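Trainee: need a structure here:
(one chain, ligands or ions: 2)
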Amino acid sequence: MSDAATGQNGSQPARPRITGWFHRLIARPSFQTWASHFPLTRGIARREGAEMFDLVSGFVQSQVLMAIVELRILHDLMGGSRSAAGLARDAGMMPDRMEILLQAAAALSLIRRRKDGRFVLARKGAALLGVPGLEAMILHHRAFYRDLEDPVALLRGEVDTELANFWPYVFGARGLVDPKITQTYSDLMADSQALVAQDTLRMVDFSDVNCLMDVGGGSGTFALAVAQAYPKPDLRVFDLPDVVPGALARFEAAGQGGRLAVHGGSFRSDSLPQGADAISLIRVLYDHSDDTVRGLLSKIFDSLPPGGRLIVSEPMSGGAAPERAGDVYFAFYTMAMRTGKTRSSAEIARLCTHAGFVDCKTPPPLRPFVTSVVSCVKPR
Ligand SMILES: CC(C)=CCC/C(C)=C/CC/C(C)=C/C=C/C(C)=C/C=C/C=C(C)/C=C/C=C(C)/C=C/C=C(C)/C=C/CC(C)(C)O
Ligand SMILES: C[S@@+](CC[C@H](N)C(=O)[O-])C[C@H]1O[C@@H](n2cnc3c(N)ncnc32)[C@H](O)[C@@H]1O
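Mentor: Ligands and ions are numbered 1, 2, ... in the order given. Take a look at the predicted model:
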């Protein structure tokens, strides 16, 4: 069969001829002009145009958001309406420049422009303030923007990325890093865990679990969310030795100290303790290479009893059905980190099956930009 019939690499079926013809037609400026006027096609043409412009200008929208967060405009508006002149004075900026920023934020529905010209908070801006850790996450995107400055060079592996150094724990480098900086990462990770824990708990039932070990459980945010949602299970957190004391402190502060045991170690070099009948991996696999993941899954398999359950929860690629959060944001984020990758639920299920697990399940994600879940079982 020719390449035209099988696709260039022989693995994809060829596109029907009609599609190529159709795409050539759509790519013609004269057709676009016609379609933008013809009553049956003008709605689609305008919508596609607006979507395309959004794609083209998305980076400016993100920078507007960055300025709004850095200048704490949403916090200011929480106290009531403000004028551009007043906010400009506070920000050390010319009023006409602040007006440009506020007008942009209003166009993005973060704030609202009143008839008298003053600005007030809009629902989206208020909601943003309530998402745990989101402002800090937006501010840390400065490093990500710099890594993305030349995306082709990034894809070719020619960029010495800043994100590769941003999360030092990934290679267990905590001891080498200023404790204040380490605390910043831990806070960002713990805050951004809140929504992940919420969605995971809505997708997975832990009521029959006697002992859950959260591997790579950080400062215990997810383990504590499980403890607070379910009275029965004992909790364990396995993480690097410098990290696990944070989990003990979190459980103590929540009055749940008696339910947690911690294990300091590295899942690269140490075996995992036995005794848990369920193990969770929350935002762990996408930090690591396939080799590390294979080794970790095999250690988890060995440490679980027959019938024991593994729950993986992290943002995932859409795989056969590409998806914005996983395939744009998280895929490029993990690529810039250079240690791991964003995998689809099918890829994760394959790795779990390879380790010996069966009965892999993928519940429909509630918010793919927060997390997706794969769960599986060690055969009895
Ligand atoms: C009462 C009446 C009349 C009306 C009410 C109307 C109503 C119900 C309005 C709804 C308002 C509302 C409650 C909105 C809620 C919005 C929420 C919850 C939005 C949540 C947004 C979450 C976002 C945008 C999350 C973004 C997460 C990011 C960017 C995470 C990045 C994580 C990274 C980079 C992790 C890195 C870890 C590593 C290093 C890879 O391992
Ligand atoms: C992205 S964080 C996720 C933390 C937590 N599960 C969450 O979702 O917030 C990855 C965690 O894996 C831990 N980790 C990385 N390498 C590890 C290793 N070799 N052994 C044990 N834990 C490790 C890190 O310390 C960190 O707490």
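Trainee: for this protein, what's the longest helix?
Mentor: Longest helix in the chain, counting residues (DSSP state H): helix 42-70.
Trainee: quick one, phi/psi of residue 184?
Mentor: Residue 184 adopts backbone torsions of phi -60, psi -40, taken as degrees, to the nearest 10.
Trainee: what's the answer for residue 214, then?
Mentor: Dihedral angles for residue 214 - degrees, to the nearest 10 - are phi -90, psi 110.
Trainee: again with residue 317
Mentor: The phi/psi pair for residue 317 (degrees, to the nearest 10) is phi -70, psi 150.
Trainee: then residue 309?
Mentor: With angles defined as degrees, to the nearest 10, residue 309 sits at phi -110, psi 140.
Trainee: hey, what's it bridged with?
Mentor: Beta-bridge pairing for residue 309 (DSSP bridges): residue 278, residue 377.
Trainee: does it touch residue 379 like I think?
Mentor: No - counting by C-beta atoms under 8 Å, residue 309 sits too far from residue 379 to count as a contact (11.8 Å). Quick note: C-beta positions are derived from backbone N, CA and C, even for glycine.
Trainee: who has more neighbours out of the two?
Mentor: Between residue 309 and residue 379, residue 309 has the larger neighbour count (other C-beta atoms under 10 Å), namely 21 against 11.
Trainee: and the gap between that one and ligand 1?
Mentor: 23 Å (C-beta to the nearest ligand atom, to the nearest Å).
Trainee: wouldn't residue 311 be in contact with residue 371 here?
Mentor: No - under the criterion of C-beta under 8 Å, residue 311 is not in contact with residue 371, lying 11.0 Å apart.
Trainee: more neighbours, those two?
Mentor: residue 371 (25 against 21).
Trainee: tell me the contacts of that one?
Mentor: By C-beta atoms under 8 Å, 6 or more residues apart in numbering, residue 371 lies in contact with 195, 196, 199, 200, 282, 283, 313, 314, 315, 365.
Trainee: got it, and residue 328?
Mentor: Not one residue lies near residue 328 by C-beta under 8 Å, 6+ apart.
Trainee: now do the one 3 residues further on
Mentor: Neighbouring residues of residue 331 by C-beta under 8 Å, 6+ apart: 317, 341, 342.
Trainee: ligand 2: which of these is nearest?
Mentor: residue 342 (12.5 Å; C-beta to the nearest ligand atom).
Trainee: go ahead and confirm the closest one touches residue 288.
Mentor: No - using C-beta under 8 Å, residue 342 is not in contact with residue 288; the gap is 11.7 Å.
Trainee: pull out the buried residues from the helix or strand hosting residue 136.
Mentor: Using DSSP states H and E, residue 136 maps to helix 134-147. For helix 134-147, the buried set under the neighbour-count rule, 16 or more other C-beta atoms under 10 Å, comprises 134, 135, 138, 140, 141, 143, 144, 147.
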